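Enquirer: Kindly generate the corresponding structure for this input.
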Amino acid sequence: MRSSRFTRRAAGALAVAAAGGATFAALVAADPSHSPVLSHVPSANQRAAGYSPASRLSPELQQLTWAQGSTALENPDGIVTHYGYENDTPSADNPALPQMLPTPANPTEAKKNEPDKNTYLVFKRGLAGGDPGYDYGTHFLFQGHEAGTPGLITRINLDADAAHRVTLLATKDSAGKPLATIDGSTWDPFAHRLLFTTESASAPTYAATADYPSTVEDVSGALGRGGYEGIQDDSEGNLWIVEDIGGPNKHGTPARQPNSFVYRYVPRHPGDLHNGRLEALQVLNGAGQPITFESQAALQAPDQVLVHSYGHELDTRWVTVHDTATDGSAPFNANVAAKAAHATPFKRPENGLFRPGSGFREFFFDETGDTNATSPEDGDPNTGAGGAGGWGVVQRLVQRSPSANTGKLTAFYVGNRAHTGLDNTAFLSRDKVTFVEDAGETLHQQRNALDSGFVFDVTTDYSNPARQPVRWLAEGRDASATLDAANGGFGKNDQDNEITGTHVSDGDPSAGGILGAKVPHLFHDGWRWFYTQQHGDNPTYEVVASPAF
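Expert: Presented below is the predicted three-dimensional model:
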């Protein structure tokens, strides 16, 4: 078939890059957890007006571009014409093309629709696309897009040629309503659906088929609506959802009151997205009392400091915020319901994952924090000590089973000025996990540094300030983002680049392939690593092993 030769060539090229020769194999073998041993990139890239530095990766790594904002969709629809751009501002030379950069005659840019979190899947029977006569292969990368009108879902066809590289799967739901903008995504093998979150309490949570055209259904009558971002399955069919909603400012300072919850959806049976119970995590203080939204209203509130400091193991339990059996199936505001149930809010958690090989008993999630160096809740700029989570924290939740009602929460890593705004995450092995920064424009300027990606060892005690994670990526800033940063995004676009959608998977769509079920063997046995550089040119990369190592 037409794509078979391409598939073999691409697979061969990636195999050479991923194998990296005997020396790289020795590097991997040196780490019993099957994680590559990565050298530390010594510093982040500087941020300066008009400066567009290249990204720098650990020398053991390289990256390949699979799609970028200017990649044309194989099946455009209205103004949705390109992978990372709407054609709301056509080029003066060709109205079918969006104006991707300002010109002296027209300083307006087209709207960038920001591809976000990645979900990699392998379907051995293949999937259809916009061209019924084309073989799209078996390897696919799915994304929702965080900006634009309408929202959209795309699929990068990793085995296809350039003309068929990106398929537009949907811009409307099954009721004909335009999609909201999308943030998080995952694959639910029990429901055989992609799940997409919208980071808005007024917008739906979606379930979508993987084939073309995708059927997209609003499932927020059971899962609710909130500032949902990260979403993950566990082995018992539950869905874990991490929310990112900024709270009110405290006393006119940049410190934000914790206002985001960690949820667990317990379906009536695995795969049921219409009947079930939504729960929220409740953390108890030393006196056994719930740590609530109200208890964290004051600056440096004692309960808030407790949650965001090393050395404390806090009891947790799940509280029900909505049950379709008693509360019905109308869409509901999960954030409001969680507050009413006295669940514990955090400082903008964004994503979470189960530690591979833990039997879904260890769940790590990050809190982005205040992303402002002047927050009075930051604590020590070098260690974060004495703060209330202003720099952000990585939390570890341990339970006897994924469905257990109680557990223990500890602060695994307390952020600091150089490691803050942690956002997306992926496990590279049993013990190594990457968290990447989305520190934001304000903090970039305050610390004169762009974002980075870090690798943490979950067996390390980071309360010792001499121990810090390895930087595998010092993100750069492409020329498009540099122009946006100099011009306020031209009124419609974001500015500095952001790292998002870091994702490691072997693409197994079965229940045995849920993230956390297997220990990743990165660059071997089909395990692949992707991320997207949001804003600017919006490229999506695959990280591969450098042949030099």
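Enquirer: Mind pulling the model confidence for Gly21?
Expert: If you check Gly21, the pLDDT there is 35.
Enquirer: And Ala29, by the same measure?
Expert: Looking at Ala29, its pLDDT is 42.
Enquirer: likewise Ala26?
Expert: 39.
Enquirer: quick thing: my sequence starts at 11, can you match it?
Expert: Got it, the first residue is 11 from now on, which makes the last one we talked about Ala36.
Enquirer: what separates the residue sitting nearest the centre point of the chain from Asp193, distance-wise?
Expert: The centre of the chain sits closest to Asn434, judged by Cα atoms, centre = their mean, with a distance of 3.8 Å. Using Cβ to Cβ, to the nearest Å, Asn434 is found at 10 Å from Asp193. Any C-beta I mention is one placed from the backbone N, CA and C, and that applies to glycine too.
Enquirer: what's the answer for Glu360, then?
Expert: As for Glu360, its distance to Asp193 is 9 Å (criterion: Cβ to Cβ).
Enquirer: Return every residue with contacts to both of the two.
Expert: Between them, Glu360 and Asp193 share these contacting residues under Cβ atoms under 8 Å, 6 or more residues apart in numbering: Glu239, Asp254.
Enquirer: How about the residue nearest to the centre of the chain, nearest residue that isn't a chain neighbour?
Expert: Excluding its sequence neighbours, the residue lying closest to Asn434 (Cβ to Cβ, 6 or more residues apart in numbering) is Thr512, at 4.7 Å.
Enquirer: quick one, what contacts the one you found?
Expert: By Cβ under 8 Å, 6+ apart, Thr512 lies in contact with Asn128, Asn434, Thr435, Ala436, Thr444, Val446, Gly463, Trp539, Phe540, Tyr541.
Enquirer: go again using 7 Å as the cut-off
Expert: Asn434, Thr435, Ala436, Thr444, Val446, Gly463, Tyr541 (Cβ atoms under 7 Å, 6 or more residues apart in numbering).
Enquirer: Touching the strand or helix carrying the second one from outside, list them.
Expert: Secondary structure from DSSP states H and E places Thr435 in strand 432-437. With contacts defined as Cβ under 7 Å, 6+ apart, strand 432-437 is touched by 127, 360-363, 365-366, 374, 376, 378, 402, 404, 425, 443-448, 509-514, 530.
Enquirer: at 6 Å what do you get?
Expert: When contacts are defined by Cβ atoms under 6 Å, 6 or more residues apart in numbering, strand 432-437 is touched by residues 360-361, 363, 366, 376, 402, 443-446, 448, 510-514.
Enquirer: which one of those sits closest to Lys122?
Expert: Thr510 (13.1 Å; Cβ to Cβ).
Enquirer: Let's verify that closest one: helix, strand, or coil?
Expert: Secondary structure state of Thr510, per DSSP: H, G, I helix; E, B strand; the rest coil, is strand.
Enquirer: which residues does it bridge with?
Expert: In this structure, Thr510 bridges to Thr542 when assessed by DSSP bridges.
Enquirer: And Pro268, how close does it get to Thr452?
Expert: 19 Å.
Enquirer: More neighbours: the two, which one.
Expert: Under the criterion of other Cβ atoms under 10 Å, the comparison of Pro268 against Thr452 puts Pro268 first, with 29 against 14.
Enquirer: what's near enough to touch the more buried one?
Expert: Gly257, Gln306, Pro355, Phe356, Lys357.
Enquirer: Looking at those residues, which one is closest to Gly501?
Expert: Using Cβ to Cβ, the contacts of Pro268 come closest to Gly501 at Gly257, 27.0 Å.
Enquirer: Count the residues that sit near that closest one.
Expert: The number of residues packed near Gly257 is 19, by other Cβ under 10 Å.
Enquirer: In a helix, it, correct?
Expert: No: assessed with three-state DSSP, Gly257 is coil; it does not lie in a helix.
Enquirer: who's in contact with stretch 346-365?
Expert: Contacts to stretch 346-365, defined as Cβ under 6 Å, 6+ apart, come from residues 239-240, 252, 254, 256, 268-271, 290, 292-293, 300-303, 329, 331-332, 370, 372-373, 375-379, 399, 433-435, 437, 525-526.
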